[in-house]
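Trainee: show me how the following folds:
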Amino acid sequence: MKSILVAGAGEIGRLIAFLLANSRQYRVILADLKLTHLSYRSTLSNEFFDFVQLDLRDPQAFEKIVTDHHINTVIS
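Mentor: Numbers count the residues shown, from 1 in each chain. I've put the predicted structure just below:
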């Protein structure tokens with residue numbers, strides 16, 4: 001199963017993550033700097049979805065998420 005990192009939990013990012021996770025064909029990691037987006041976690045929650053706090057300006061943090069979650073594709 002491919003793992004996809006969706007960067008940004010705004011309106012579009014959440015929609016993309018929701019559609020991909022609910023297809024049950026991808027493992028989706030939704031990344032955002034703001035923890036306020038965690039309130040949406042319950043609407044997206046299933047075994048194909050996870051939310052991580054990530055500052056995309058930090059290359060080491062980005063690399064760690066990509067490595068730890070075995071990311072194949074990034075959507076930004």
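Trainee: count of residues packed around R24?
Mentor: Counted with other Cβ atoms under 10 Å, residues neighbouring R24 total 11. Any C-beta I mention is one placed from the backbone N, CA and C, and that applies to glycine too.
Trainee: what secondary structure does the residue nearest to K34 when sequence neighbours are not counted sit in?
Mentor: In this structure, K34 finds its nearest non-sequential neighbour in A9, 7.4 Å apart by Cβ to Cβ, 6 or more residues apart in numbering. Recorded secondary structure, A9: coil (DSSP: H, G, I helix; E, B strand; the rest coil).
Trainee: now A9: phi and psi?
Mentor: phi -100, psi 30 (degrees, to the nearest 10).
Trainee: just the pLDDT at it, thanks.
Mentor: On the pLDDT scale, A9 is placed at 87.
Trainee: my read is that it contacts I29, right?
Mentor: No: the pair A9 and I29 fails to qualify as a contact (Cβ atoms under 8 Å) at a distance of 10.9 Å.
Trainee: so who does G13 touch?
Mentor: 6-7, 30, 32, 75 (Cβ atoms under 8 Å, 6 or more residues apart in numbering).
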